[in-house]
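Undergrad: okay, here's the prediction I keep looking at, along with the sequence it came from:
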Amino acid sequence: MPRTSRTSRPIARPVRRNADADLADLPEVSAVDQVDTRFLQSLLGYNARRAALAIIERFLVRMEEFGLRPVEFSVMSVIHHNPGVTSRQLCAALNLLPPNLVGLIQSLDARGLLTRLPHPHDGRAVGLHPTPEGQALMQQAEQAALEIEEAKSLGLTPAQHRTLLQLLQKVYL
């Protein structure tokens, strides 16, 4: 009797067939000397993803030094450059869902990187401010991010770099 899995279904066993008959069913085989990726290279999403992957791999490794994941880096950067920003503003600026931001803010607060203070004009809102530790961390982390991007974009002139940023932002802004 065949063995059964924990759900009491019989385990399927491979069926042996005539190898020559199997080969007759296959289309003629060809070899590829060079892989044609022209179609993929014509797609904006493919190229944006490849460029992002080239940078994010180094970014992830470098940000480990600061204990920051990409979303934490983005949130802290916005707070660093906009002391008093609200959670609502953060969500809008970074295209985040509010439930996803709550735990992130709590985690950054627990690490002593930000503090929450009453908003000066809206009694219901809370402004997010970097602590001195958060400011120091972000100065170092942002410098590291710049170094990574500079290293990966050596083939671009300053004008090409600006143009690339402008074009990418047209896609998502």
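TA: Everything's here; your move. All values derive from a computational prediction rather than experimental measurement. Numbering: from 1, shown residues only.

Undergrad: show me the contacts for the residue nearest the centre of the chain.
TA: The centroid of the chain falls nearest to residue 70 when counting by Cα atoms, centre = their mean (6.2 Å). By Cβ atoms under 8 Å, 6 or more residues apart in numbering, the residues touching residue 70 are 56, 59, 60, 63. Every residue, glycine included, has its C-beta placed from N, CA and C.

Undergrad: average model confidence for the helix or strand where the second one lies?
TA: Translated: residue 59. Assigned by DSSP states H and E, residue 59 belongs to helix 44-64. Across helix 44-64, the average pLDDT comes to 94.

Undergrad: check stretch 30-40 too.
TA: Stretch 30-40 comes out at a mean pLDDT of 88.

Undergrad: export that stretch to CSV, keeping only CA atoms.
TA: Listed next in CSV are the C-alpha coordinates belonging to stretch 30-40 (Å, rounded to 0.1, in the frame of the first residue of the first chain):
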residue,chain,number,x,y,z
SER,A,30,17.1,25.2,-30.5
ALA,A,31,20.0,26.8,-28.7
VAL,A,32,20.2,30.5,-27.8
ASP,A,33,23.6,32.1,-28.2
GLN,A,34,22.4,35.6,-27.1
VAL,A,35,19.4,36.3,-25.0
ASP,A,36,17.0,38.9,-26.6
THR,A,37,15.7,41.2,-23.9
ARG,A,38,14.8,44.1,-26.2
PHE,A,39,11.1,43.9,-25.3
LEU,A,40,11.8,44.0,-21.6
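
Undergrad: need the contact partners of it.
TA: So stretch 30-40 is contacted by residue 46 (Cβ under 8 Å, 6+ apart).
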